[in-house]
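A.B. asks: What follows is a predicted protein model with its sequence.
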Amino acid sequence: QVQLVESGGGLVQAGGSLRLSCAASGFTFSTYVMSWYRQGPGKEREFVASITRTGSITNYADSVKGRFTISRVNAKNTVYLQMNSLKPEDTAVYYCKGQNGVNSYWGQGTQVTVSS
């Protein structure tokens, strides 16, 4: 069955870094656009970053541009989110999403907490 499993979340001090991973299975990973979203406490889920099937094009929310980097390794069916210069407002549950225009899949999320 389809699975997206996020990992790498945790507690970090402001200014620190974390690298999230999302391992995919059950679908043809290389044919899906992959994205990261997040949902902070009391907030709606919001877009963070996306990457095209080959990894040639990336997009970022303004709030993370210059600090976060999305990447993927199709041979490993994995998408990553490198998060640097973390701020308390980055505290959220981070979700990965795969979509191909027909299907859309979500992971269960991983908690990131940034202390001030």
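C.D. replies: On my side now, so go ahead.

A.B. asks: Could you give the number of residues near residue 27?
C.D. replies: Counted by other CB atoms under 10 Å, the residues lying close to residue 27 total 17. Using the backbone N, CA and C atoms, a C-beta is placed for each residue, glycine as well.

A.B. asks: what is the rounded mean pLDDT of the helix or strand harbouring residue 6?
C.D. replies: Under the criterion of DSSP states H and E, residue 6 resides in strand 3-7. Averaged over strand 3-7, pLDDT sits at 98.

A.B. asks: what's in contact with that strand?
C.D. replies: 20-26, 94-98, 105-110 (CB atoms under 8 Å, 6 or more residues apart in numbering).

A.B. asks: tell me which residues in it are buried?
C.D. replies: 4, 6 (16 or more other CB atoms under 10 Å).

A.B. asks: Quick check: can you name the pairing partners of the next helix or strand after that strand and their directions?
C.D. replies: Later in the chain than strand 3-7, the nearest helix or strand by DSSP H and E is strand 10-13. Strand 10-13 pairs in its sheet with strand 110-115 (parallel), by DSSP bridges.

A.B. asks: Done for today, thanks.
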